[in-house]
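[1] sequence plus predicted model, see below.
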Amino acid sequence: QVETPLLDLSGVLPSLSRPANHSLIFHAVMFDAGSTGTRIHVYTFIQKQLPVLDNEMFHSIKPGLSAYADSPEMVTVTLLLKVARRAVPRLDWKRTPLVLRATAGLRLLPAEKAQTLLDQVQHVFDESPFLVPDGSVSIMDGTNEGILAWISLNFLTGHLNANAKKTVGILDLGGGSTQITFLPKLKKTVEKAPVADYVARFDFFNSTFELYSHSYLGNGIMAARLATLGAVGAEGTVLNADLRVFCHRCGHAGYKLCYQEVLKVVKGIIHQPYELKDSNVFFAFSYYFDRAVDAGLIDGVQGGMLQVRDFKKRAKEVCNKTTRYLPVSPFLCMDLTYIACLLKDGFGFKDGAMLQLTKKVNNVEASWALGAMLDHFHNLKLH
Ligand SMILES: O=c1ccn([C@@H]2O[C@H](COP(=O)(O)OP(=O)(O)O)[C@@H](O)[C@H]2O)c(=O)[nH]1
């Protein structure tokens, strides 16, 4: 078994009553149907006096489900179910819940197409030997995506214990959408937030948290590339070749011109919170992490602490070709410039703001998936 410190889920998971001699271990499976990939998280819990999270098995497949909108195959889901069959002992299959939550990729599809995909997944789940609770397969609301990632990260870093005073903010950059979530210190942050979809509440450990949280659909890194190119077709499609040419040009034009282009996708769209403090740092993951690795700013396993200015500096170097790092893709100049622009001119972070670039905490993926699993067990009453 993986050497993770046992994570105390006191009060979060229901105590299971089961016959004597029955295994003290139980599992739960969360599928993340993202715009750029489908992923599986198999969580193993140990029923002590109360359940604790022992470990996570993670696997991902590209591209995302929405890429299959016109073909009926559920190849990825079926493949990932095989992973679940291997990870969970056969005897436990029928009491192990399967849940799938879809994010921006399916939110951006026409409703009918998205529903067809969800129905197909539901069918594959129903045919599987696992437990498929009601409401197992759905598109997740964007605000919930941010809150559940905040819960995951604060839970994994020990900031959700009853007596922990601090919390950490989260920044999640997906392919289709991007989320920011933090616990405001000042009342004004809540008062000055736009009326709808920026403040959310949920119950945890007998207290109610009020968070600043928003998901920007269309501001994920892939969606932003398309929007910057200004060539988004009726269904968000664009020729990859066009995009490559454009990004090369962005690189040729240099950082300044590139920044002006990506600014159009950010300005007037991203709301700047009144305060951006949370307690100390923001945890940044998904494409923030991947691009920081591509740019040679952090180690691909360890992650690391960066300042907002580090993204800007490296974007300049890559776009103006004054770095010894050979860009891994023609998109790196544009992607780094977009990240710098989103953080600074979008959310309003200062150059010196600290970001903890993270892929895993205690061997568990930095993602909304754990929070969504906890919500599935506990009903956190997100509202
Ligand atoms: O458990 C996870 C889930 C996602 N990701 C990363 O997060 C980004 C995924 O964005 P996604 O396709 O889910 O975008 P969305 O649909 O949420 O906009 C990619 O870099 C993934 O590699 C990850 O590292 N671990």
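    Received the coordinates, thanks.
[2] quick check: closest non-adjacent residue to residue 88.
    In space, and not counting its chain neighbours, residue 88 is closest to residue 27: 4.8 Å by Cβ to Cβ, 6 or more residues apart in numbering. The way it works is simple: take the backbone N, C-alpha and C, and place the C-beta from them, glycine included.
[3] number of residues surrounding the one you found?
    Using other Cβ atoms under 10 Å, residue 27 has 20 neighbouring residues.
[4] partner residues bridging it?
    Beta-bridge partners for residue 27, by DSSP bridges, are residue 44.
[5] can you list the residues of this protein near the ligand?
    Within the chain, the positions near the ligand by Cβ under 6 Å from any ligand atom are 32, 34-37, 39, 64, 103-105, 174-177, 220, 286-287, 290, 365, 367, 369.
[6] do a quick rundown of the helices in the stretch 201-350 of the chain.
    221-229, 240-253, 255-266, 287-294, 308-319, 332-341 (DSSP state H, counting those that start in this stretch).
[7] any idea which residue of the stretch 101-250 of the chain lies closest to the ligand?
    Nearest residue of the stretch 101-250 of the chain to the ligand: residue 174, at 2.4 Å (Cβ to the nearest ligand atom).
[8] what's the distance between the nearest residue to that residue once chain neighbours are set aside and residue 94?
    Spatial nearest neighbour of residue 174, chain neighbours left out: residue 220 (4.3 Å); criterion: Cβ to Cβ, 6+ apart. Distance from residue 220 to residue 94, counting by Cβ to Cβ, to the nearest Å: 37 Å.
[9] neighbours around residue 267, how many?
    Using other Cβ under 10 Å, residue 267 has 11 other residues around it.
[10] thought it was touching residue 348?
    No - between residue 267 and residue 348 there is no contact under Cβ atoms under 8 Å: 11.9 Å.
[11] tell me how many other residues crowd residue 110.
    Neighbour count of residue 110, defined by other Cβ under 10 Å: 11.
[12] please apply the same query to the one 10 residues further on.
    For residue 120, the number of neighbouring residues by other Cβ under 10 Å comes to 17.
[13] contacting residues around the nearest residue to it once chain neighbours are set aside?
    Leaving aside its sequence neighbours, residue 120 sits nearest to residue 74 (Cβ to Cβ, 6+ apart; 5.2 Å). Applying Cβ atoms under 8 Å, 6 or more residues apart in numbering, we find residue 74 in contact with 120, 121, 123, 124.
[14] out of the residues you listed, the closest to residue 344 would be?
    For these, the residue nearest residue 344 by Cβ to Cβ is residue 121; the value is 38.7 Å.
[15] about what we covered before: now do the residue nearest to residue 88 against the ligand, distance only.
    Distance, residue 27 to the ligand, by Cβ to the nearest ligand atom, to the nearest Å: 17 Å.
[16] pretty sure that residue contacts residue 41?
    No - using Cβ under 8 Å, residue 27 is not in contact with residue 41, being 10.5 Å away.
[17] pull the distance from stretch 335-343 to the chain's centre.
    Relative to its chain's centre, stretch 335-343 lies at 17 Å (Cα atoms, centre = their mean, to the nearest Å).
[18] ok, now stretch 189-199?
    22 Å.
[19] let's see that stretch as CSV, backbone CA atoms only.
    As requested, the backbone C-alpha atoms of stretch 189-199 are provided in CSV (Å, rounded to 0.1, in the frame of the first residue of the first chain):
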residue,chain,number,x,y,z
THR,A,189,-15.1,40.9,-1.3
VAL,A,190,-18.5,39.2,-1.1
GLU,A,191,-20.5,42.5,-1.2
LYS,A,192,-18.6,43.7,-4.3
ALA,A,193,-18.8,40.4,-6.2
PRO,A,194,-21.2,40.3,-9.1
VAL,A,195,-24.6,39.2,-7.9
ALA,A,196,-24.9,35.8,-9.6
ASP,A,197,-22.5,32.9,-9.5
TYR,A,198,-19.6,34.4,-7.5
VAL,A,199,-20.4,33.5,-3.9
